Structures are given as C-alpha cells and as structure tokens.
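**Student:** Predicted model and sequence below, questions to follow.
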There are 2 protein chains.
Amino acid sequence: MKTVYERADVVPLLAEIFRELGYEGATLSRITERTGIGKGSLYHFFPGGKEEMAAAVLADVDGWFERAVYEPLRRDDAGAAIDAMWANVMDYFRSGSRICLVGAFALDETRQRFSPVIRDYFVRWIEALRQALVRAGCDEGAALAAAEEAVSGIQGALVLSRALDDKDMFRRTLDRLADRLAAAKLEG
Amino acid sequence: MKTVYERADVVPLLAEIFRELGYEGATLSRITERTGIGKGSLYHFFPGGKEEMAAAVLADVDGWFERAVYEPLRRDDAGAAIDAMWANVMDYFRSGSRICLVGAFALDETRQRFSPVIRDYFVRWIEALRQALVRAGCDEGAALAAAEEAVSGIQGALVLSRALDDKDMFRRTLDRLADRLAAAKLEG
DNA sequence: CGTCAATTGTACCGATCGGTACAATGCAAA
DNA sequence: TTTGCATTGTACCGATCGGTACAATTGACG
C-alpha cells in the first residue's frame, strides 16, 4: 500500500499541524507521524524543507482570505461583504477552536522568518475592511479605526476563547464586534 | 570570574526568553547563551528542567498581575484601579513590543502543559475587572461583557501591533478600549 | 505491454535536543 | 582558618532534530 499525494493535498494537512504545534513544535517526525506522509514525499514537494512548508501554508491561508474575504470587501456590496466576512471568520476558525496561524507566527521569533507575509495579511485585511466601510458611508478616519478594532478583536477572541477553552465566548465576542462595526458604519 | 545567582534573579531572564522564542523555541542552549547562566545553575534552581522553568515564569507573571492589577481592581476605588490597570498594561507590555506569555502559551500545544494556570490568569483578570465595574455602578450583565471585551481586546492588540510592528497601533487600540470601558461604566 | 518521470520508503548524516554526573569553586558561619 | 553547603562549569548521555541519498515503486502514456 502506497498512497500518492500531490502538493496541494499536503498543504492543508501541514497547516493543521503548524496551527496546533507552532513552527518550532512542528518537528518533521511529528509531521510524518500525524499525516502519514514520509520524509521522501515531503522533501520532494518542499525541497526547502520545513521553512518552505510553512511558507506554502502561509501562502495558502493568505490566498483563501484574499478570495473569500478581502476581494468581496473591496468589490461587492459593503453590507453583504461584511456580513459574509463575519460568517466566514466564524466558520474558518471553527468558533475559536482553530487558531489563526498568521497571528500565532506573529507572536514568537517565527515572525522574523515571515514578517512581510504576516504584515501583509493584516494590512490587506484592515485596508479591505476600511474600504468597505467607506463605501457604506462611513467617515474616513472612523473607518480605519473601526477596521483595526474588528481585526484586532478577532485575534483577541481567538487567544482568549482558547485560553478559556470556551467556544461560546468566541461567538459572543464576534457578535459584539459585528455590532460595533455596524454601529460605526452608520455613525461615521 | 563566576557570577552567583539565586532563583529569583533567573526567573525574569527566563521570562524574556520564553516570550521571544516560545516554549519549544526556547532551547537550553539558547537559554544559556542569552543569559550566560550555565546548565549547572539552571538545573540546580529548576530540577524539573525546562517545564519547571516555564512554570516558574508563569507563576511569576501571574503573581505580578495579581498584585499590580487584580487586587487593586477588587479592593481599591473602581475608577482609580481601572485607570491604573490601563497604565500598568501599557507599561508592562512595553507599548506592544513585549507579548503576553500566557496568551502566547494558550495558542499552541504548550497550552496542554499549563492549561489550569493559563485559564486562571484570564478568569481572574476578567472577574476582577467585572467586580470593579459593578462597584462603579455598572449593570451586572453589561459588566461581564465589558470586562471580557477589554481583556480580549488587549490580547488582540498585542498580536496585531506585533504583526504590524507598530507600537502606535497598540497605544491607539488601548486608548479605544479604555474609552469603551469608561462608556460601559456609565451606561450600565 | 514497456517506458519514464513522478512519487515514496528506508537508511543514514552531523548537529542539537533535554537532561545527568560530578568535581571545582564561591560564600557564610564557626 | 577551616568547615560545610550552595552554586557553578564541564564533560558526557541517549534521543531526536532537520536534512540528504537513493533505490523501489507507482500511475500515466505510448
């Protein structure tokens, strides 16, 4: 028996491992152990080793948010795109039981390896949300502050709901953040 | 030349290293390298090895917050204690350039080693802040929500300001959180 | 069927991991 | 000054680290 993968199949598996163990904690042996994928395959798909694996995972995550969240925020009806963002975020992070890999990498020295990608992920998120708010009639200055508050709030909810092991607090916090954003949209 | 330490001198040095490198990233060799403290001393003070070092650091952090933040929130004038909390948080986290070790440990599998301590740190923070808000005349239900929002917001600000490498965004976010808390105190 | 590149399992590498053993050194009290 | 214990530096341990080499196997295509 010999399962045959391609690179695109491997990336989501790696993502889950990096999420749970962090960059340093995700050792090659734990990766092969949890995925059943041998070193031969891994280094075939990612000749750059662990660093390339993590980079591929980050690019995959970034691409998903770009397609599912940022683009709609920039392009579609502002109200609908913002509603979709909250729904997508709730699903993607599995009500707080799944963490944000980009946020996690930002906290320790791993940041130094990937700082441009990490920064860009958040800059584009905030900017796309800000644009949507402005399109919805929000004041320019208030829009930036509200966008920062929402994105920052999501990261905080992830940390706290995980620390408390409380999915419901994640849902509550996201609901509150959504209300705040809706209020900012109107006041502006 | 042979510098002589005692356990209490070592803990803050370890704290900074765990903060920067995370639990897995903080290897014994990097610890000795950055602190200049040899393995002999480390295992003399912490016979339980790396895990005991991290536990000691967590206990130290927890103790600091208990004394400087939680107790005043429970005991002193509510308004003054809340003001002091924001000032202390801003200082302690060095305007966002220093992360919250407890929050960082909550994100990856390190959480499993220390989950009671991690949970307790946040539970007590939220509860102490909630009590202060209630004493300030805030409605019971609104007080819990406002306390959660503040503590969660701080964690988010740490993640985001570090990802963006932007101290000023940390200050801005904390100012906004403080305003929100002041508003909640009045409305109730 | 045979061909051939893509994929995979296995054995192996030097370096580093967390941890231990113990002798040498420092400091305080007698 | 001598004793005694806390503290420290060094050498060492087996296990695991990330990474490499390469032969065996696979599936797609002629």
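**Tutor:** Sure thing, it's come through. Everything numeric in this text was worked out from a predicted model, so none of it was measured.
**Student:** Please count neighbours and contacts with C-alpha atoms only from this point.
**Tutor:** Will do.
**Student:** Residue A:79 contacts residue A:136, correct?
**Tutor:** Yes: contact criterion CA atoms under 8 Å: residue A:79 and residue A:136 qualify, at 7.0 Å.
**Student:** residues from chain A in reach of DNA strand D?
**Tutor:** Applying CA under 7 Å from any atom of the strand, one finds that chain A approaches DNA strand D through A:1-2, A:4, A:24-30, A:39-40, A:43, A:47-51.
**Student:** Weed out the non-buried ones from those.
**Tutor:** For these, a neighbour count by 16 or more other CA atoms under 10 Å in any protein chain shown gives the buried set as A:24, A:25, A:26, A:50.
**Student:** Mind telling me the two of the residues you listed farthest from one another?
**Tutor:** A:25 and A:50 (11.3 Å; CA to CA).
**Student:** Residue numbers of chain A in contact with chain B?
**Tutor:** A:19-22, A:24-25, A:99, A:103-104, A:106-111, A:115, A:118-119, A:122-123, A:149, A:152-157, A:159-160, A:162-165, A:173 (CA under 8 Å from any CA of the partner chain).
**Student:** contacting residues for the residue nearest to the spatial centre of chain A?
**Tutor:** Nearest residue to the geometric centre of chain A (CA atoms, centre = their mean): residue A:100, 4.5 Å. The contact partners of residue A:100, by CA atoms under 8 Å, 6 or more residues apart in numbering or on different chains, come to A:19, A:93, A:155, A:158.
**Student:** neighbour-wise, which of these leads?
**Tutor:** When neighbours are counted by other CA atoms under 10 Å in any protein chain shown, residue A:158 leads the contacts of residue A:100 with 30 neighbours.
**Student:** Sticking with the residue in chain A that chain B sits nearest to, tell me its helix or strand.
**Tutor:** Closest contact between chain A and chain B, by CA to the nearest CA, is at residue A:156 (3.5 Å). Assigned by DSSP states H and E, residue A:156 belongs to helix A:140-163.
**Student:** Can you tell me what sits against the following helix or strand past that helix?
**Tutor:** Heading C-terminal from helix A:140-163, the first helix or strand you meet, by DSSP H and E, is helix A:167-187. Here helix A:167-187 makes contact (CA under 8 Å, 6+ apart) with A:86, A:90, A:95-97, A:133, A:136-138, A:142-143, A:146-147, A:150, A:153-154, A:157-158, A:160-161, B:149.
**Student:** For helix A:167-187, the averaged confidence score.
**Tutor:** Model confidence over helix A:167-187 averages 95 on the pLDDT scale.
**Student:** Pull the contacting residues for the residue nearest to residue A:124 when sequence neighbours are not counted.
**Tutor:** Computed as CA to CA, 6 or more residues apart in numbering or on different chains, the closest residue to residue A:124 that is not its neighbour in sequence is residue A:70, at 7.2 Å. Neighbour list for residue A:70: A:124, A:125, A:128, A:129 [criterion: CA under 8 Å, 6+ apart].
**Student:** May I have the secondary structure class of the first one?
**Tutor:** State at residue A:124, reduced to three classes by DSSP: H, G, I helix; E, B strand; the rest coil: helix.
**Student:** From residue A:121, how far off is residue A:10?
**Tutor:** 22 Å (CA to CA, to the nearest Å).
**Student:** which one of these two has more residues nearby?
**Tutor:** residue A:121 (23 against 18).
**Student:** tell me which element that one is part of?
**Tutor:** Per DSSP H and E, residue A:121 falls inside helix A:110-135.
**Student:** can you tell if that helix touches DNA strand C?
**Tutor:** No: judged by CA under 7 Å from any atom of the strand, helix A:110-135 stays clear of DNA strand C, getting no closer than 14.6 Å.
**Student:** now that helix: how far from the chain's centre is it?
**Tutor:** Centroid separation between helix A:110-135 and its chain, computed with CA atoms, centre = their mean, to the nearest Å, is 10 Å.
**Student:** For it, which residues meet the burial criterion?
**Tutor:** The neighbour-count check on helix A:110-135 (16+ other CA under 10 Å) flags A:110-111, A:114-115, A:117-119, A:121-135 as buried.
**Student:** pretty sure residue A:158 contacts residue A:96?
**Tutor:** Yes: between residue A:158 and residue A:96 there is a contact under CA under 8 Å: 5.4 Å.
**Student:** Could you check how far the helix or strand bottoming out on mean pLDDT in chain A is from the centre of its chain?
**Tutor:** In chain A, the helix or strand scored least confidently by mean pLDDT, DSSP states H and E is helix A:167-187, which has a mean of 95. Chain-centre distance of helix A:167-187: 18 Å, with CA atoms, centre = their mean.
**Student:** Could I get the CA-only coordinates of it as CSV?
**Tutor:** C-alpha atoms of helix A:167-187 as CSV (Å, rounded to 0.1, in the frame of the first residue of the first chain):
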residue,chain,number,x,y,z
LYS,A,167,-16.2,28.4,22.1
ASP,A,168,-19.2,30.3,23.2
MET,A,169,-17.1,33.3,24.3
PHE,A,170,-15.7,33.4,20.8
ARG,A,171,-19.2,33.6,19.3
ARG,A,172,-20.3,36.2,21.8
THR,A,173,-17.2,38.3,21.2
LEU,A,174,-17.6,38.1,17.4
ASP,A,175,-21.2,39.1,17.7
ARG,A,176,-20.3,42.1,19.8
LEU,A,177,-17.6,43.1,17.3
ALA,A,178,-20.1,42.8,14.4
ASP,A,179,-22.5,45.1,16.3
ARG,A,180,-19.7,47.6,16.9
LEU,A,181,-18.8,47.6,13.2
ALA,A,182,-22.5,48.0,12.2
ALA,A,183,-22.7,51.0,14.6
ALA,A,184,-19.5,52.5,13.1
LYS,A,185,-21.0,52.1,9.6
LEU,A,186,-24.0,54.2,10.5
GLU,A,187,-22.4,56.8,12.7
